[in-house]
Structure formats: structure tokens, C-alpha cells
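Output the structure for:
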Amino acid sequence: MPPQLPKASLFVISAPSGAGKTSLVNALNANDETLQVSVSHTTRSKREGEVHGEHYHFVEKAEFQSMVGDGVFLEYAEVFGNCYGTSMEWVKAQLVEGRDVILEIDWQGAQQVARLMDCTTIFILPPSIETLKQRLESRSQDNADTIALRMQKAQNEIAHFDAADFLVVNDDFNQALKELQTIISATRLSTSLQKIRHASLISDLLQ
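Reported below is the predicted structural model:
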């Protein structure tokens, strides 16, 4: 039996920590029930208010390494000593069923995914380095040393912005959200996907 073709799009959204990526993705998801946001597996500890299976799949490091060996992940990475990975089987199943998928991952993970699957990559920038630092400090989750490390990593990540298909600056939240929605709408109308969705219509029109 030939493999089923994906009937939906895979969107990979990357950004430095503090750029507002998660808030924008949550708003996208709230306004579009057809979007599925992938829930990553991670070895980091669960934070207050987080729910297993909703925010992350929390696993022990040994289990994570076993999953890597079994080829479970579409992409995986280690960030600040914690491992994160995306289930390949889950992503492919959603696309075949016609559900668009969003991955929130760093630029390295985005490059891994782009090598393996057709996807639309989007990079989100903060409006300034000062704003980025203020956003990280306002979370009250990290000490000064950790924030300094996050700032350094953020600048390293920003250096790879031009590998993405689209670039969005999150200065005005509502404007950035509209721009993301426009990218998603345009991608959904691509000929490569439309010819799969409307194969019967196209066949009839060409009779």
C-alpha cells in the first residue's frame, strides 16, 4: 500500500527565549481550532502549573535516550542540560489526517525538521535586545546568571534568523499575530496541498 500523502502543513516556529513565541502560538491556536501544537517530550522537571501531556511529556533521561535510539524523534536537542524531542509518528499522523501542525523549537531543531520533511519555517524576533532582556527578567523564573546565559544563547540563535522562510518581529503583539495568520493562510493555499485536497475536482475539470 503506497504511503499516504500529507493533506496539511507543518509550521516550524523558532525564536530566542523571551521573544514571545509561546504567547503567539497560544493565540494562534485559540483562534484556529484546526491547528495542532506538538507537545514535546522533555527531561526537565515539571514547573508549577504544568500538566503532563498538555505542556510537555515529562520523561526520565534514560527513557529519553532510549527513544532517541529507537528513532522516535523527528528532532531533538539538549538545552541548558535538559533534553527536548518531537514525536515523528505523531506529527506524520496529524498531517495525513489533514490537521496542520505547529512545532515550537529552536533553530537547530528547525533545520533538522527541514532536512526530513516539507515544512514552513518562521522565525520571530524581539523588537530590541533591551526588550528581550526585560521580558526574561519579568518572568521571575531565573537568577541573574541564568538570564545572562539565556541572553547569550538568544543572540546566538538570532544569528540564524535568515535560515527561516519567514521573519516576524514581535513589537506589536496583535500585528505579529496577524502576520503569522497570513503566513498560515497563504501556505494552506499552496498548489502542492490544494491539488491533494481537491484531487477529485481537478480530475473532473480535466475530463
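
give me the low-pLDDT residue ranges for the chain?
1-6, 140-141 (pLDDT under 70).

Can you show me the strands along it?
Applying DSSP state E to the chain gives strands spanning 10-14, 35-37, 41-42, 57-58, 73-79, 82-87, 100-104, 120-125, 166-169.

okay, now the nearest residue to S87 once chain neighbours are set aside: neighbour count?
Sequence neighbours aside, V72 is the residue nearest to S87 in space, at 6.2 Å (criterion: Cβ to Cβ, 6 or more residues apart in numbering). (Glycine included, C-beta is placed from N, CA and C.) Taking other Cβ atoms under 10 Å as the criterion, the count of residues near V72 is 17.

and if you look at G20?
Using other Cβ under 10 Å, G20 has 22 neighbouring residues.

for K178, same thing?
Other residues within reach of K178, judged by other Cβ under 10 Å, total 12.

what separates it from L205, distance-wise?
To L205, K178 is 34 Å away according to Cβ to Cβ, to the nearest Å.

Does the residue nearest to S87 touch E89 like I think?
Yes: counting by Cβ atoms under 8 Å, V72 touches E89, with 7.3 Å between them.

just so I know, which of the strands of the chain lies nearest A154?
strand 120-125 (10.2 Å; Cβ to Cβ).

got the contact list for that closest one?
Outside strand 120-125, the residues that touch it by Cβ atoms under 8 Å, 6 or more residues apart in numbering are 9-15, 19-21, 24, 107, 110, 114, 158, 160-161, 163-170, 176, 180, 183, 187.

Check stretch 64-76 too.
Counting by Cβ under 8 Å, 6+ apart, 41-43, 59, 83-89, 91, 103, 105, 109-110, 112-113, 116-117 sit against stretch 64-76.

Out of the contacts of strand 120-125, which end up buried?
Buried subset of the contacts of strand 120-125 (neighbour count, 16 or more other Cβ atoms under 10 Å): 9-15, 19-21, 24, 107, 110, 114, 158, 164, 166, 168, 170, 176, 180, 183, 187.

ok, how many other residues are close to I202?
Residues near I202, counting by other Cβ under 10 Å, number 12.

ok, it touching K195?
Yes: the criterion here is Cβ under 8 Å, and I202 meets it with K195 at 6.2 Å.

show me the contacts for Y84.
40-42, 44, 76-78, 105, 109.

what do you get if the cut-off is 7 Å, keeping everything else the same?
For Y84, the contacting residues are 40, 42, 76-77, by Cβ atoms under 7 Å, 6 or more residues apart in numbering.

May I see the PyMOL selection of the buried members of these?
The following PyMOL line selects those of the contacts of Y84 that are buried, judged by 16+ other Cβ under 10 Å:
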select buried, resi 40+42+76+77
